[in-house]
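Colleague: Mind folding the following:
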Amino acid sequence: MIELQHLKKQYDSATPLEDVSVTINQGDVIAVIGPSGTGKSTLLRCLNLLETPTSGHILVDGEDITSPRCDLNRVRRKLGMVFQSFNLYEHLTVVENCMLAQTKLLHRSHRKAYEKAMELLRSVGMENQAMRYPSQLSGGQKQRVAIARTLATDPDIILFDEPTSALDPLTVDEVETVIAKLSRQGRTMMIVTHSMDFARRVSNRVFYMDQGGIYEDGTPEQIFEHPQKELTRRFINRLSTLDMLITEENHDLEEEINRIHTFCTVKGLSPHRIVNACSVYEETLSIFYNYFTKGSKTLHYVFVYNAAEDLLTCTLTPYTSTKWEEVATKVLTSLETKLITHSIKRYWEDKTEEGNGFSSVYEI
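Modeller: Residues are numbered from 1 along each chain as shown. So this is what the prediction gives:
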């Protein structure tokens, strides 16, 4: 369906795509993952020629769309794009946003465009918002409208460029649900995403991008459970663990909460569990940090997510000269009171025979 032949994209200061050759088959749902700056969004923008490749060829159904003789408007009707920033027309209503391309590009009548738009809005749960303007919608609602608008031109392949990255955790799930539904309809899609759980659930192929191209291409099971290449293994392992060493000299609560929030969001955890993870951190930090004497306030937090068991654990190891027996009763009582309402399982692990080394483990 789509074949990339030695695709290269070079800018003055960087070359995100060095030499990309790959075939995308009809019905493939491809999740594109990798570190920031490795060309994921550039790849999508080259596919629909929002970015002009420096060299190489892109064949869509056998036609070289990089040829100067290619009709770009016709090609772009085959390749629908959903952006992370929605890109809706603010002066048009929801239904008008979904009608515009139909009337301008496909030359459908106003009536047929309206009927098609309402059908698609109904499919993404936005029929009741058809007469509203984008400024009256939440982020999740805007993105669902953007998806309906893209579907309105009947594209052969849909490109999603980080479709949930601009959304708050409460609206991420509603958009991912719509995309998952599309994947079950046999549509061909490429999705740049930072949500590894979503990538695993929705795709049949995963592109891990690094070193200027598609570094590893495989099934979700292969990439996430048995990656074959070193950089892929490092990336997957890094995503599964968040390691934070908190000291008196190196402590910024807002930044630390943001890191936990981002880690949990990337792993695809529910908003409720994200709140619980942040609560565990804030409550334990408050109790341990305030109790231990000055100069002994070093706390080591390790969040680990096990995708196979859908289990998030937080292990807290305080490094202190204060013996554990001296603080156990106070800490246990305080934590029990503060965290019991979150249904968080807690247990303790002794680390040394002297009694001043221990870890507090939370299952979230």
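Colleague: lowest-pLDDT helix or strand in this structure?
Modeller: Scoring the helices and strands of the chain by mean pLDDT, DSSP states H and E places strand 345-350 at the bottom, with a mean of 50.
Colleague: right, and the helix or strand after it?
Modeller: strand 358-363 (DSSP states H and E).
Colleague: Roughly how far does residue 105 sit from residue 257?
Modeller: Noted for residue 105: a distance of 45 Å to residue 257, by CB to CB, to the nearest Å. Using the backbone N, CA and C atoms, a C-beta is placed for each residue, glycine as well.
Colleague: go on, residue 90?
Modeller: In terms of CB to CB, residue 90 sits 32 Å off from residue 257.
Colleague: what's the answer for residue 195, then?
Modeller: Following CB to CB, the distance that separates residue 195 from residue 257 is 19 Å.
Colleague: next one: residue 50
Modeller: Here the criterion is CB to CB. By it, residue 50 lies 35 Å from residue 257.
Colleague: Same check on residue 72?
Modeller: Separation of residue 72 from residue 257 (CB to CB): 45 Å.
Colleague: quick one on the thing from earlier: between residue 195 and residue 257, who's got more neighbours?
Modeller: residue 195 (23 against 15; other CB atoms under 10 Å).
Colleague: So what's the predicted local confidence for that one?
Modeller: For residue 195, the model assigns a pLDDT of 79.
Colleague: and the helix or strand that contains residue 30, C-alpha only, in PDB?
Modeller: Here residue 30, judged by DSSP H and E, is contained in strand 29-33. What follows is strand 29-33, C-alpha atoms only, in PDB (Å, rounded to 0.1, in the frame of the first residue of the first chain):
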ATOM      1  CA  VAL A  29      -2.000  -0.300  12.600                       C
ATOM      2  CA  ILE A  30       1.500   0.900  13.300                       C
ATOM      3  CA  ALA A  31       2.500   2.600  16.600                       C
ATOM      4  CA  VAL A  32       5.600   4.800  16.200                       C
ATOM      5  CA  ILE A  33       7.600   5.200  19.400                       C
END
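Colleague: Can you tell me the strand partners of it and which way each runs?
Modeller: strand 188-192 (parallel), strand 205-210 (parallel) (DSSP bridges).
Colleague: any idea of the mean pLDDT for the first one?
Modeller: Looking at strand 188-192 alone, the average pLDDT works out to 95.
Colleague: who touches that strand?
Modeller: The contact list for strand 188-192 (CB atoms under 8 Å, 6 or more residues apart in numbering) reads 1, 24-33, 40-41, 43-44, 47, 156-163, 179, 182-183, 199, 202-203.
Colleague: Please check those and keep the buried ones.
Modeller: Neighbour-count burial (16 or more other CB atoms under 10 Å) applied to those gives 1, 24, 28-33, 40-41, 43-44, 47, 157-163, 179, 182-183, 199, 202-203.
Colleague: Now intersect these with the helices, please.
Modeller: The helices, defined by DSSP state H, take in 40-41, 43-44, 47, 179, 182-183, 199, 202 from the buried ones among the contacts of strand 188-192.
Colleague: Which positions within stretch 84-93 qualify as buried?
Modeller: Going by 16+ other CB under 10 Å, stretch 84-93 has these buried residues: 84, 86, 88, 93.
Colleague: All the helices of the stretch 151-300 of the chain, in order from the start?
Modeller: For the stretch 151-300 of the chain, applying DSSP state H, counting those that start in this stretch gives helices covering 169-183, 196-202, 220-225, 230-240, 253-266, 271-291.
Colleague: Right, I'll call it a day here.
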